[in-house]
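Asker: sequence first, then the predicted structure:
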Amino acid sequence: MIVSRRLLILAALLLLGLSNAGFASERSHAMVTKAEKALRGTWYSATGSITFKNNGTINYKGKRYFYAVSNGGIIQLSGEHSANAIPYQLYGEKLTLMENGKATVYTRNRPGK
């Protein structure tokens, strides 16, 4: 069931024009969604940071992934041996990622500053 859900999400993102060809090098402006532009940059939480890079890569939990962001609230991560779909919510300068039923809140400012 999980594999089927991931395949459906990946297929939906591909239909939106976010093909693997867009990941090979820095993507053109036409292929980048508004949601992706809003997430670009570095986000901080009490447990670490994540950076959404312009070239379509992200370092998440110690692994490098290619990412695609849907306007529907899903971040699709594709790695060498794995894929992961992470629901997210973005409200102003707060990014909430939901994984395994647990919410992690990130902000653009480092904690304590």
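Answerer: That came through fine. Since the structure is predicted, the reported quantities are computational estimates derived from the model, not experimental observations.

Asker: where exactly do the helices run in this protein?
Answerer: In the chain, the helices defined using DSSP state H lie at 2-15, 34-39.

Asker: which regions of this protein sit below the pLDDT cut-off?
Answerer: Filtered on pLDDT under 70, the chain yields the residue ranges 1-32, 111-113.

Asker: and the strands in it?
Answerer: For the chain, the strands defined by DSSP state E occupy 41-45, 48-52, 57-60, 63-69, 74-78, 83-91, 94-99, 102-107.

Asker: spatially, what comes nearest to Lys63 if we skip its sequence neighbours?
Answerer: Closest residue to Lys63 apart from its sequence neighbours, by C-beta to C-beta, 6 or more residues apart in numbering: Gly79 at 5.8 Å. Glycine gets a C-beta too; all of them are placed from N, C-alpha and C.

Asker: list the contacts for Leu90?
Answerer: Ala35, Ala38, Leu39, Thr96 (C-beta atoms under 8 Å, 6 or more residues apart in numbering).

Asker: filter these to the buried ones?
Answerer: Buried by 16 or more other C-beta atoms under 10 Å: Ala35, Leu39, out of the contacts of Leu90.
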